[in-house]
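The following block contains a protein sequence and its predicted model.
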Amino acid sequence: MKYLTTPVRFAAALSFVLITVALLTPLNVRGQEGAIVRSIEIQYVGPETMSRERILDDLRTRVGSPYSETTVEDDIRTLYKTGAVQNVRMYGEPQANGVKVMVIVATRVLVTEIEIDGAESIKPKKVRASIKFKVPSLAKEESAARRTPEHHRSLPANGFHRCGRPIPPSDK
């Protein structure tokens, strides 16, 4: 098999080109570094408990400024530090003469009321006193998970002997 046939050469050349294009595509995103930010689009996943204006105020990335991955990383950290954001993703998309920055935000749920229903042997006032959650406030599973064992230890002392073990918070 000294000489390869033409169809085999063509297939080898085509696969080389396709692999090269696939490997160089992520580098195109890095090629946006320094391009001018033409627009910033904010998309919400879930409730909009944080206004667009507040999100834009917290960003160092601005329309008309050069796009920078390090600035985007700082912006992500800043949004997490507000405590109102559960998840955030930022990236640049090529746009005519610059970059369009996409901000996809999942904000925390705002708890505006806690309703106690069915409390007969324990007065609702006593239950409210044991709840260390301020209303209105942003719901954080991490802080609720820390308080749950303390609450469940108090149940048998108040006549709730048949209560099962607490349900662990979801990992969503």
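Structure received. Residues are numbered from 1 along each chain as shown.

Going by residue numbers, what spans are helices in the protein?
Using DSSP state H, the helices found in the chain span residues 6-30, 52-58, 69-81, 124-130, 141-157.

which of these has the lowest average pLDDT?
Lowest mean pLDDT of the helices of the chain: helix 6-30, a mean of 56.

per-residue confidence for residue 97?
Looking at residue 97, its pLDDT is 88.

actually residue 35, not the one I wrote
Looking at residue 35, its pLDDT is 89.

For it, give me its contacts.
66-67, 92, 94, 98-99 (CB atoms under 8 Å, 6 or more residues apart in numbering). In this view, the C-beta of every residue, glycine as well, is placed from N, C-alpha and C.

which residue sits closest to it, ignoring its sequence neighbours?
The shortest distance from residue 35 to any non-neighbouring residue, by CB to CB, 6 or more residues apart in numbering, is to residue 99 (4.7 Å).

I'd say the one you found and residue 36 touch.
Yes. Counting by CB atoms under 8 Å, residue 36 is a contact partner of residue 99 at 7.1 Å.

joint contacts of the two?
Both residue 99 and residue 36 are contacted by residue 67, under the criterion CB under 8 Å, 6+ apart.

neighbour count winner among those two?
Neighbour count, other CB atoms under 10 Å: between residue 99 and residue 36, residue 99 has more, with 23 against 14.

partners of that one in the sheet?
Using DSSP bridges, the bridge partners assigned to residue 99 are residue 37, residue 94.

Lovely, talk soon.
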